[in-house]
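Student: using only what follows, build the 3D model:
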Amino acid sequence: MIKSLRSIFKIQELRERILFTLGILIVYRIGGHVPTPGIDTAALGEFFSQAQGSLFGLYDMFVGGAFQKATIFSLGIMPYISASIIIQLLGSVIPYFQKLQKEGEEGRRKITQYTRYGTVFIAAMQALGTSIFLESITTSSGASVVPFPGIGFKLLTMLTFTSGTIFIMWLGEQITEKGIGNGISLIIFIGIIARLPQAIMDESRMIMMGQRNIVEELVILAIIVAVIAAIVIATRSMRKIPVQYAKRVVGRKVYGGQSTHIPLSVNSAGIIPIIFAQSIMFAPTTLTSFFPDSDFMQTVAGLMAPTSLVYNIIFGLMIVFFAYFYTAIVFNPVDLADNMKKQGGFIPGIRPGKKTAEYIDRVLTRITLPGAIFFALIAILPNIMSSAFNVTFYFGGTGMLIVVGVALDTLQQIESHLIMRHYDGFIKKGRMRGRYA
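Tutor: As a prediction, this is how the structure comes out:
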């Protein structure tokens, strides 16, 4: 490990890419502390101290606390993520977008352009909604979050928040192009782990004050390490479907004849099902917070609290449902089977065409279930830990999956640079093949 770390800084290109990435992330974190004009941040902080179990708390986690402070980066990169998901969903139902997805580089450029336009529109609408919401907030002490509401505040907030999102999108693209790793993912990653130092200080303070003993803390740490290891294994696990390509003679050259495989991940949908499910599950809690005097709403809030059994059962089932739903959208066995048939490929023992598509769909359906159940348990685990140890996981289920996934992807890119220049990487190839083959 130490040798590999030293090798990173021996390669000039890799060193420059890593330093460039760190510089961009520092700029992002600085922007997350620049306040938006016209907002009483103290009153807003008082409101958010009571909203951690709502949709606002979830959104604030993805933007590294910028939403809670109403900074210029309050919307973060989430409008871009929303626009990307919408364009991807449109690609499965609208022929025009389906055509763009098959046009190669030119199609990808147009899709990127539409995604940027969608990002601006979504960010502007979210900024307008956020400005209206901020004007309506009054804390328990009677303080107003926006001392001087009106059209001027709304326009200024829309301009500030939208510009901040566009700038973050540009920062992410710069990291992807000139840095190391996926820029958008790294921005979300750094936003989540930004609270890690404060979480460590809080845990240390609880131990020193006697609110938690050393044994309990060690048990919590052991569970966190075990969960991270399980996420790594599940994220890297895949089912390999063997594919054989027939030999083709073109002139004097022979093409094909080689054997390969189709890697089907047990988590083809990624963390999208958890984000969808969590957003929906937080909606009732968010709505009930606007009706503090209604007994019915407070009963609903109790049933939909993260520590309740009803919440966790519904949450888990929704994750499994969205895992199948999103996998069906992003992975098309029919197109895959048709492409294999055109290239002379076939799965041994399976007829090309319709039978191949049915076989791939059947395998994908079977491996998606255990993967979806596993990630549902990971998402629910923080709620169980909160009840058992009176502590909430710092990252939460969603945050842990994002952090581990982004860390693995970035590590693989660094690994490829090291191996390409004949340096030892971080991952032992023999062990990886034995474990995940």
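
Student: any chance you could map the helices in the stretch 51-200 of the chain?
Tutor: 55-62, 66-69, 78-90, 95-101, 105-136, 151-178, 183-193, 196-208 (DSSP state H, counting those that start in this stretch).

Student: by contact count, what packs against the fourth one?
Tutor: In terms of contact count using 3 or more CB pairs under 8 Å, 6 or more residues apart in numbering; DSSP states H and E, helix 95-101 is assigned the packing partners helix 105-136. The way it works is simple: take the backbone N, C-alpha and C, and place the C-beta from them, glycine included.

Student: compute the inter-axis angle for the helix it packs on and helix 78-90.
Tutor: 130 degrees (axes from the mean of the first three to the mean of the last three CA atoms, to 10 degrees).

Student: for helix 105-136, packing partners?
Tutor: Here helix 105-136 touches helix 78-90, helix 95-101, helix 151-178, going by 3+ CB pairs under 8 Å, 6+ apart.

Student: and if we set it to 10 Å?
Tutor: When contacts are defined as 3 or more CB pairs under 10 Å, 6 or more residues apart in numbering; DSSP states H and E, helix 105-136 sits against helix 41-48, helix 55-62, helix 78-90, helix 95-101, helix 151-178.

Student: buried stuff in it?
Tutor: 111, 114-116, 118-120, 122-124, 126-128, 130-131, 134-135 (16 or more other CB atoms under 10 Å).

Student: still on that earlier bit, how about a markdown table for the helices of the stretch 51-200 of the chain, with mean pLDDT and distance to Gly349 added?
Tutor: What follows is those, written out as a markdown table (pLDDT from 0 to 100; distance: least, CB to CB, whole Å):
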| stretch | mean pLDDT | distance to Gly349 |
| --- | --- | --- |
| helix 55-62 | 60 | 45 |
| helix 66-69 | 72 | 53 |
| helix 78-90 | 84 | 33 |
| helix 95-101 | 83 | 31 |
| helix 105-136 | 87 | 35 |
| helix 151-178 | 91 | 41 |
| helix 183-193 | 85 | 38 |
| helix 196-208 | 79 | 50 |
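
Student: switch the ones you listed over to a markdown table; also include distance to Met318.
Tutor: What follows is those, written out as a markdown table (distance: least, CB to CB, whole Å):
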| stretch | distance to Met318 |
| --- | --- |
| helix 55-62 | 14 |
| helix 66-69 | 24 |
| helix 78-90 | 16 |
| helix 95-101 | 26 |
| helix 105-136 | 23 |
| helix 151-178 | 28 |
| helix 183-193 | 22 |
| helix 196-208 | 27 |
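
Student: closest to Val243 out of those helices?
Tutor: helix 95-101 (21.9 Å; CB to CB).

Student: so Val227 touches Met400, yeah?
Tutor: Yes: taking CB atoms under 10 Å as the definition, Val227 is a contact partner of Met400 at 6.6 Å.

Student: which of the helices and strands packed on helix 105-136 sits most buried?
Tutor: helix 55-62 (a mean of 20; mean count of other CB atoms under 10 Å).

Student: could I get the contacting residues of Leu401?
Tutor: Contacts were defined as CB atoms under 10 Å, 6 or more residues apart in numbering; by that measure Leu401 touches 227, 231, 234-235, 267, 270-271, 274-275, 375, 378-379, 395.
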